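Engineer: heads up, no residue letters with this:
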């Protein structure tokens, strides 16, 4: 029987890991050391007005490259797929990243409550030296959360490291009225996009399932 393909997740995100685990994949997790501000500045130097999709795909590709550079001895290029991703929220025409502090989380939520915004998730998938990038966009409709709930949510620390200052699958789910698009992409990785990308490499998703 042929040796099963391996998947390396180039991310420290527990949400992205949970998407893969729920889909039957136990990846090896390798955390890339990427200065996202520097990577974004490098893109803007080359592309004066990048689209949201270009920004998140560029960051995802930087993470994939960093893992291959930092952990090359642990990545068997002949049978290992490296998956990296980055998400940002497009709110009122501006890309929003991680709020990082409770104060900024409260400010963000007071802007986005009752509004609709687009979560843009970029992916970079590398197989045998070839990297394919792609993005997924999902419209998120935020609830009219009260000031008290917003402050309590920020105080939990959950949204501080999340693009858009929310999670769909945990406490933040209380404050999401609905989404239009791919739910797995909102959590962190688009399974449909990954499936199509794997197929382009001649791989099936079942090649990665735990068996």
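Structural biologist: Right, received. Where do you want to start? The structure displayed is predicted, hence computed values, not measured ones.

Engineer: how about the helices in the chain?
Structural biologist: Secondary structure of the chain (DSSP state H): helices located at 14-22, 36-46, 52-70, 102-112, 147-156, 183-187, 191-200.

Engineer: closest to residue 175 out of those?
Structural biologist: Closest to residue 175 of the helices of the chain, according to Cβ to Cβ: helix 147-156, at 7.0 Å. Backbone N, C-alpha and C define where each C-beta goes, glycine included.

Engineer: switch the helices of the chain over to CSV; also include mean neighbour count and mean pLDDT.
Structural biologist: Conversion of the helices of the chain to CSV gives the following (neighbours: other Cβ atoms under 10 Å; pLDDT from 0 to 100):
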stretch, mean neighbour count, mean pLDDT
helix 14-22, 18, 95
helix 36-46, 13, 90
helix 52-70, 22, 94
helix 102-112, 18, 97
helix 147-156, 15, 98
helix 183-187, 22, 95
helix 191-200, 17, 97
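
Engineer: I'd like the ones you listed as JSON lines, with distance to residue 171 appended.
Structural biologist: Putting those into JSON lines (distance: least, Cβ to Cβ, whole Å) gives the following:
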{"stretch": "helix 14-22", "distance to residue 171": "13"}
{"stretch": "helix 36-46", "distance to residue 171": "25"}
{"stretch": "helix 52-70", "distance to residue 171": "24"}
{"stretch": "helix 102-112", "distance to residue 171": "12"}
{"stretch": "helix 147-156", "distance to residue 171": "6"}
{"stretch": "helix 183-187", "distance to residue 171": "14"}
{"stretch": "helix 191-200", "distance to residue 171": "23"}
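
Engineer: nearest to residue 5, of these?
Structural biologist: Among the helices of the chain, the nearest to residue 5 by Cβ to Cβ is helix 191-200 (8.7 Å).

Engineer: tell me how far that closest one lies from the chain's centre.
Structural biologist: In terms of Cα atoms, centre = their mean, to the nearest Å, the centre of helix 191-200 is set 15 Å apart from its chain centre.

Engineer: what sits up against it?
Structural biologist: The contact list for helix 191-200, computed with Cβ atoms under 8 Å, 6 or more residues apart in numbering, reads 19, 23, 81, 83, 123, 125, 132, 134-136, 182, 184-185, 204-205, 207-208.
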